[in-house]
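Peer 1: Here is a sequence together with a model predicted from it:
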Amino acid sequence: MKALIQRVSEAAVTVGSSLIGNIGRGMLIFLGVEKGDTEKDGDYIAKKIAGLRIFEDAQGKMNRSVKESHGEVLVVSQFTLASDCRKGNRPSFDRAEVPEKAKKLYMHVIEKLKQQDIPTASGAFAEYMEVRLSNDGPVTIFLDSRE
């Protein structure tokens with residue numbers, strides 16, 4: 001499972017003209033589920049997201065988690081994180097999990113974050129979405145549950 005994490009001052013996702021999810025200060029998470037991923041991968045990713053100390057403390061050091069800084073999380077499914085670009089110029093998505101399994105694991109990560117009392121919004125799984133964000137820093141972190 002892969003997660004691309006961006007620290008944001010705000011983020012929102014729409015489908016068509018409908019606002020699906022939005023947050024203020026916090027993290028925008030693009031989550032990609034790969035073949036072979038399990039709930040254990042989701043548990044790892046959710047725990048890492050909740051514990052990442054990428055928010056500033058009183059001294060201006062990145063030393064606080066999203067929960068400690070009273071931030072929010074927006075999780076957006078992103079199967080393209082499972083892309084393979086080693087051959088040619090057109091990405092292959094063969095490593096992406098089938099939608100039924102991927103959605104289950106995507107929802108598992110969201111539920112795990114909510115269980116930690118982190119305000120969590122989400123995009124719409126398998127929909128064409130427009131994501132708007134104001135990157136804060138910028139701070140961008142990449143997690144891979146297999147590494």
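Peer 2: That came through, no problem. Here the structure is a predicted model, which is why all the values come from computation and not from measurement.
Peer 1: Distance-wise, check the residue positioned nearest the centre of the chain relative to Gly60.
Peer 2: Centroid check for the chain by Cα atoms, centre = their mean gives Ile29 as the closest residue, at 2.0 Å. Distance from Ile29 to Gly60, counting by Cβ to Cβ, to the nearest Å: 24 Å. (Each C-beta comes from the backbone N, C-alpha and C, glycine too.)
Peer 1: Extract the C-alpha set from the helix or strand harbouring the residue nearest to the centre of the chain and format it as CSV.
Peer 2: According to DSSP states H and E, Ile29 maps onto strand 26-32. Extracted C-alpha coordinates of strand 26-32, given in CSV (Å, rounded to 0.1, in the frame of the first residue of the first chain):
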residue,chain,number,x,y,z
GLY,A,26,-4.0,18.9,8.1
MET,A,27,-3.0,16.2,5.6
LEU,A,28,-4.1,15.3,2.2
ILE,A,29,-3.5,11.6,1.7
PHE,A,30,-3.4,10.0,-1.8
LEU,A,31,-3.8,6.2,-1.1
GLY,A,32,-2.9,3.5,-3.6
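Peer 1: Show me the shaky parts of this protein.
Peer 2: Low-confidence segments of the chain (pLDDT under 70): none present.
Peer 1: any chance you could map the helices in it?
Peer 2: Remark: helices assigned in the chain by DSSP state H are 39-51, 99-115.
Peer 1: Now find how far off-centre the first one is within its chain.
Peer 2: Right, the one you point to is helix 39-51. Computed by Cα atoms, centre = their mean, to the nearest Å, the chain-centroid distance of helix 39-51 equals 11 Å.
Peer 1: got the CA positions of stretch 98-112 in PDB?
Peer 2: Taking C-alpha atoms only, stretch 98-112 is exported to PDB below (Å, rounded to 0.1, in the frame of the first residue of the first chain):
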ATOM      1  CA  VAL A  98      -9.000  -4.900  -8.300                       C
ATOM      2  CA  PRO A  99     -11.600  -2.300  -7.300                       C
ATOM      3  CA  GLU A 100     -13.600  -4.500  -4.900                       C
ATOM      4  CA  LYS A 101     -10.600  -5.400  -2.700                       C
ATOM      5  CA  ALA A 102      -9.000  -1.900  -3.100                       C
ATOM      6  CA  LYS A 103     -12.200  -0.200  -1.900                       C
ATOM      7  CA  LYS A 104     -12.400  -2.400   1.200                       C
ATOM      8  CA  LEU A 105      -8.800  -1.600   2.200                       C
ATOM      9  CA  TYR A 106      -9.300   2.100   1.400                       C
ATOM     10  CA  MET A 107     -12.300   2.200   3.700                       C
ATOM     11  CA  HIS A 108     -10.300   0.200   6.300                       C
ATOM     12  CA  VAL A 109      -7.600   3.000   6.400                       C
ATOM     13  CA  ILE A 110     -10.200   5.700   6.800                       C
ATOM     14  CA  GLU A 111     -11.900   3.800   9.600                       C
ATOM     15  CA  LYS A 112      -8.600   3.300  11.400                       C
END
